[in-house]
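S.K.: The following block contains a protein sequence and its predicted model.
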Amino acid sequence: MDSAYTEPILDWYAANARDLPWRAPDATPWGVLVSEIMLQQTPVARVLPVWREWMARWPRPADLAAEPSGEAVRAWGRLGYPRRALRLHESARAIVARHGGRVPESHADLLALPGIGAYTAAAVASFAFRQRHAVLDTNVRRVLARLVSGEEFPPRSQTAAEVRLAESLLPADPPTAARWSVAVMELGALICTARTPRCVDCPVLSSCAWQAAGRPAYDGPPRRGQTYAGTDRQCRGRLLAVLRDADGPVEKSALDVVWSDPVQRERALDGLVADGLVDPLDDGRYALPA
DNA sequence: AACGCGTGGAT
DNA sequence: TATCCAAGCGT
């Protein structure tokens, strides 16, 4: 349904959208899917060069599906959360096996792919196939919290009310709804940012509930801070970096030197093996998965 | 339904 | 320097 926000935000997007390659007219559904997975919890600037490499090397799902999963992990580089690379590789194989090598168009089929949840399924269906879905990512949730609910930040976990609100604001025409979804995301990414919103440049400042309320500070429960130094996550990252940067299998000693605590190191390595990110060879060495 | 899962730039 | 946080997902 159109609201007071619809036209100003669509117009703002038309004039201010970033020129991102996965939004180009020649971007394929596969390119959109790869971008969405890479962008999960990861800034655009860091994704850009890796996405370009992937598209040049694996222009179709079948190209990635033909590789060992370890190549996807290696080419993931330092994007973080490397299980995403593994699942993207699994998805490529599922797309070949179940969908003839073409990225499926239906939300349900997309959702059934590994590593694709409600957000990513809606995003691909909207941005690659111009369908009408509520696309609720962290940007959209924050924009709607401010614009409509008058609060600085959305609830910690997504609520049914947020989904209903997002659906209620979706323009009726599917291609317009898809444009609206990406426009709200872009507004959140460029103007209605988490830390220091640029309200002076906001196209809907005059109808913003948070602005009208005097921009009250968030008063909900404190967001859990993610400490990193000394965690298993950091340890896993160090271990996997050794394998990524090596040409082939590495000796256990090469892993041992990057983390001093042996108990934590073994636990992290076991975790990587359990996740399928590391392959323990019969000769005692370790490698990226075949 | 919390929690684990990487990384690095911005403030 | 420490903290925040960036197009989430799976368990």
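M.R.: Perfect, thanks for sending it.

S.K.: Next, the contact list for A:Arg238, please.
M.R.: A:Val258, A:Trp259 (Cβ atoms under 8 Å, 6 or more residues apart in numbering). Heads up, the C-betas are built off the backbone N, CA and C, glycines and all.

S.K.: ok but it is inside a helix, no?
M.R.: Yes - A:Arg238 forms part of a helix when assessed by DSSP: H, G, I helix; E, B strand; the rest coil.

S.K.: ok, so what distance separates it from A:Ala172?
M.R.: 51 Å (Cβ to Cβ, to the nearest Å).

S.K.: element containing the closest residue to A:Arg74 other than its chain neighbours?
M.R.: Counting by Cβ to Cβ, 6 or more residues apart in numbering, A:Arg74 lies nearest to A:Arg244, which is 5.2 Å off, once chain neighbours are set aside. According to DSSP states H and E, A:Arg244 maps onto helix A:232-245.

S.K.: Apart from its neighbours in sequence, what residue is nearest A:His89?
M.R.: In space, A:His89 is closest to A:Ala72, 4.0 Å off (Cβ to Cβ, 6+ apart).

S.K.: for A:Trp210, same thing?
M.R.: A:Arg146 (3.8 Å).

S.K.: what sits against the one you found?
M.R.: A:Glu152, A:Cys192, A:Pro197, A:Cys208, A:Ala209, A:Trp210, A:Gln211.

S.K.: Which among these count as buried?
M.R.: Among those, those classed as buried by 16 or more other Cβ atoms under 10 Å are A:Glu152, A:Cys192, A:Pro197, A:Cys208, A:Trp210, A:Gln211.

S.K.: wait, what's in contact with the last one?
M.R.: Contacts were defined as Cβ under 8 Å, 6+ apart; by that measure A:Gln211 touches A:Arg146, A:Cys199, A:Leu205.

S.K.: where's the first one, which helix or strand?
M.R.: Using DSSP H and E, the element containing A:Arg146 is helix A:138-147.

S.K.: Show me which residues of chain A are close to DNA strand B?
M.R.: A:41-43, A:45-46, A:78-83, A:156-157, A:195-196, A:224, A:226, A:228, A:231-234, A:236-238, A:240-241, A:268, A:271 (Cβ under 7 Å from any atom of the strand).

S.K.: Of those residues, which are in range of DNA strand C?
M.R.: A:Gln41, A:Thr42, A:Pro43, A:Gly80, A:Tyr81, A:Arg195, A:Gln226, A:Tyr228.

S.K.: All set, thanks.
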